[in-house]
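Novice: Curious how this folds, go ahead:
(one chain, ligands or ions: 2)
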Amino acid sequence: MNKDCLFCRIAAGEIPSDIVFENERIVAFRDINPVAPVHILVIPKEHIASMAHLKEEHQALMGEIMTSIQKLAEQEKLDDGFRVVVNTGRDGGQTVSHLHFHLIGGRGLQWPPG
Ligand code: 5GP
Ligand code: ZN
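Specialist: Ligands and ions are numbered 1, 2, ... in the order given. Okay, the predicted model is just below:
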(Lines give C-alpha, C1' and ligand atoms only; values in the text may rest on other atoms or scores of the structure.)
(Ligands and ions follow the chains in the order given, each with its own letter.)
Protein backbone atom coordinates (compact mmCIF):
# COMPACT_ATOMS: atom_id res chain seq x y z
CA MET A 1 0.00 0.00 0.00
CA ASN A 2 1.20 3.46 -0.96
CA LYS A 3 -0.14 5.86 1.70
CA ASP A 4 0.04 8.82 -0.68
CA CYS A 5 -2.10 7.03 -3.28
CA LEU A 6 -5.82 7.82 -3.42
CA PHE A 7 -6.85 4.39 -4.76
CA CYS A 8 -4.62 2.51 -2.28
CA ARG A 9 -6.46 4.43 0.45
CA ILE A 10 -9.84 3.58 -1.08
CA ALA A 11 -8.78 -0.11 -1.32
CA ALA A 12 -7.77 0.00 2.38
CA GLY A 13 -11.14 1.52 3.34
CA GLU A 14 -9.48 4.72 4.60
CA ILE A 15 -11.43 6.80 2.11
CA PRO A 16 -15.10 5.88 1.72
CA SER A 17 -16.42 4.74 -1.66
CA ASP A 18 -19.44 2.96 -3.08
CA ILE A 19 -17.93 -0.54 -3.34
CA VAL A 20 -19.75 -2.96 -5.66
CA PHE A 21 -17.32 -5.90 -5.51
CA GLU A 22 -14.32 -6.87 -3.41
CA ASN A 23 -12.09 -9.88 -2.84
CA GLU A 24 -8.54 -10.31 -1.49
CA ARG A 25 -6.94 -8.95 -4.65
CA ILE A 26 -9.45 -6.64 -6.32
CA VAL A 27 -11.88 -3.88 -5.43
CA ALA A 28 -14.55 -2.26 -7.64
CA PHE A 29 -16.31 0.97 -6.74
CA ARG A 30 -18.46 3.60 -8.44
CA ASP A 31 -16.65 6.54 -10.03
CA ILE A 32 -17.28 9.78 -8.09
CA ASN A 33 -17.84 11.66 -11.37
CA PRO A 34 -19.70 9.20 -13.61
CA VAL A 35 -19.70 9.80 -17.38
CA ALA A 36 -22.55 7.32 -17.97
CA PRO A 37 -25.36 5.69 -15.94
CA VAL A 38 -22.91 2.89 -15.02
CA HIS A 39 -19.30 3.93 -14.33
CA ILE A 40 -17.32 1.57 -12.13
CA LEU A 41 -13.58 1.57 -11.43
CA VAL A 42 -11.98 -1.86 -11.00
CA ILE A 43 -8.53 -1.85 -9.38
CA PRO A 44 -5.97 -4.31 -8.08
CA LYS A 45 -5.39 -3.81 -4.33
CA GLU A 46 -1.68 -3.99 -5.06
CA HIS A 47 -0.25 -0.60 -5.98
CA ILE A 48 0.61 -0.79 -9.69
CA ALA A 49 1.10 2.73 -11.03
CA SER A 50 -0.28 2.13 -14.53
CA MET A 51 -0.59 -0.32 -17.40
CA ALA A 52 2.96 0.70 -18.34
CA HIS A 53 4.18 -0.75 -15.02
CA LEU A 54 2.77 -4.27 -15.50
CA LYS A 55 5.07 -7.25 -15.05
CA GLU A 56 4.76 -10.89 -16.10
CA GLU A 57 3.85 -11.76 -12.50
CA HIS A 58 0.64 -9.72 -12.87
CA GLN A 59 -0.84 -11.93 -15.60
CA ALA A 60 -3.18 -13.95 -13.36
CA LEU A 61 -4.34 -10.81 -11.54
CA MET A 62 -5.12 -9.08 -14.85
CA GLY A 63 -7.10 -12.12 -16.00
CA GLU A 64 -9.08 -12.08 -12.77
CA ILE A 65 -9.84 -8.37 -13.24
CA MET A 66 -11.20 -9.09 -16.73
CA THR A 67 -13.57 -11.79 -15.51
CA SER A 68 -14.68 -9.57 -12.58
CA ILE A 69 -15.52 -6.85 -15.10
CA GLN A 70 -17.56 -9.34 -17.13
CA LYS A 71 -19.49 -10.34 -13.97
CA LEU A 72 -20.06 -6.70 -12.99
CA ALA A 73 -21.36 -5.90 -16.48
CA GLU A 74 -23.82 -8.77 -16.08
CA GLN A 75 -24.85 -7.60 -12.57
CA GLU A 76 -25.38 -4.07 -13.86
CA LYS A 77 -27.47 -5.48 -16.74
CA LEU A 78 -25.31 -3.97 -19.46
CA ASP A 79 -26.83 -6.41 -21.93
CA ASP A 80 -26.59 -3.97 -24.85
CA GLY A 81 -22.85 -3.55 -24.38
CA PHE A 82 -20.30 -1.58 -22.46
CA ARG A 83 -16.78 -0.18 -22.71
CA VAL A 84 -13.62 -0.92 -20.70
CA VAL A 85 -11.03 1.87 -20.68
CA VAL A 86 -7.54 2.01 -19.18
CA ASN A 87 -6.14 5.54 -19.46
CA THR A 88 -2.35 5.28 -19.24
CA GLY A 89 0.19 8.02 -18.66
CA ARG A 90 0.00 11.66 -19.70
CA ASP A 91 -1.02 11.14 -23.31
CA GLY A 92 -3.56 8.54 -22.19
CA GLY A 93 -5.22 11.04 -19.85
CA GLN A 94 -4.48 9.12 -16.63
CA THR A 95 -5.14 11.33 -13.59
CA VAL A 96 -4.79 8.79 -10.74
CA SER A 97 -1.50 6.87 -10.69
CA HIS A 98 -2.89 3.50 -9.56
CA LEU A 99 -3.93 1.13 -12.35
CA HIS A 100 -7.71 1.21 -12.85
CA PHE A 101 -10.15 -0.17 -15.38
CA HIS A 102 -13.18 2.00 -16.16
CA LEU A 103 -16.35 -0.06 -16.82
CA ILE A 104 -18.70 2.33 -18.59
CA GLY A 105 -22.20 1.64 -19.90
CA GLY A 106 -25.92 2.25 -19.76
CA ARG A 107 -26.02 4.52 -22.81
CA GLY A 108 -24.67 4.57 -26.37
CA LEU A 109 -21.04 5.72 -26.39
CA GLN A 110 -19.19 7.74 -29.03
CA TRP A 111 -16.10 6.50 -30.86
CA PRO A 112 -13.34 7.54 -31.39
CA PRO A 113 -12.47 9.32 -28.12
CA GLY A 114 -11.08 12.86 -28.30
P1 5GP B 1 -8.33 8.48 -14.92
O2 5GP B 1 -8.60 9.88 -15.40
O3 5GP B 1 -7.05 8.41 -14.13
O4 5GP B 1 -8.43 7.44 -15.98
O5 5GP B 1 -9.53 8.14 -13.94
C6 5GP B 1 -9.59 8.52 -12.62
C7 5GP B 1 -11.05 8.42 -12.23
O8 5GP B 1 -11.12 8.44 -10.82
C9 5GP B 1 -11.91 9.58 -12.74
O10 5GP B 1 -12.97 9.07 -13.54
C11 5GP B 1 -12.41 10.24 -11.45
O12 5GP B 1 -13.74 10.70 -11.55
C13 5GP B 1 -12.28 9.12 -10.43
N14 5GP B 1 -12.04 9.57 -9.07
C15 5GP B 1 -11.14 10.53 -8.66
N16 5GP B 1 -11.16 10.67 -7.33
C17 5GP B 1 -12.10 9.78 -6.87
C18 5GP B 1 -12.57 9.46 -5.56
O19 5GP B 1 -12.13 10.00 -4.54
N20 5GP B 1 -13.53 8.50 -5.46
C21 5GP B 1 -14.04 7.87 -6.58
N22 5GP B 1 -14.99 6.96 -6.37
N23 5GP B 1 -13.60 8.15 -7.82
C24 5GP B 1 -12.64 9.09 -7.97
ZN1 ZN C 1 -2.05 2.89 -5.14
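
Novice: Residue numbers of the chain in contact with ligand 1?
Specialist: By Cβ under 6 Å from any ligand atom, the residues of the chain that approach ligand 1 are 6, 17, 29, 31-33, 41, 87, 93-96. Just so you know, the C-beta spots here come from the backbone N, C-alpha and C atoms, and that holds for glycine as well.

Novice: neighbouring contacts of the longest helix seen in the chain?
Specialist: Longest helix in the chain by number of residues, with DSSP state H as the criterion: helix 59-75. By Cβ atoms under 8 Å, 6 or more residues apart in numbering, the residues outside helix 59-75 that reach it are 20-21, 25-26, 28, 40, 42, 44, 46, 54, 82, 84, 101, 103, 105.

Novice: Would you state the helices of this structure in chain order?
Specialist: Counting by DSSP H, the helices of the chain are 6-11, 59-75.

Novice: Return the distance of the last one from the chain's centre.
Specialist: What it means is helix 59-75. From the chain centre to the centre of helix 59-75 is a distance of 10 Å (Cα atoms, centre = their mean, to the nearest Å).

Novice: Perfect, that will be all.
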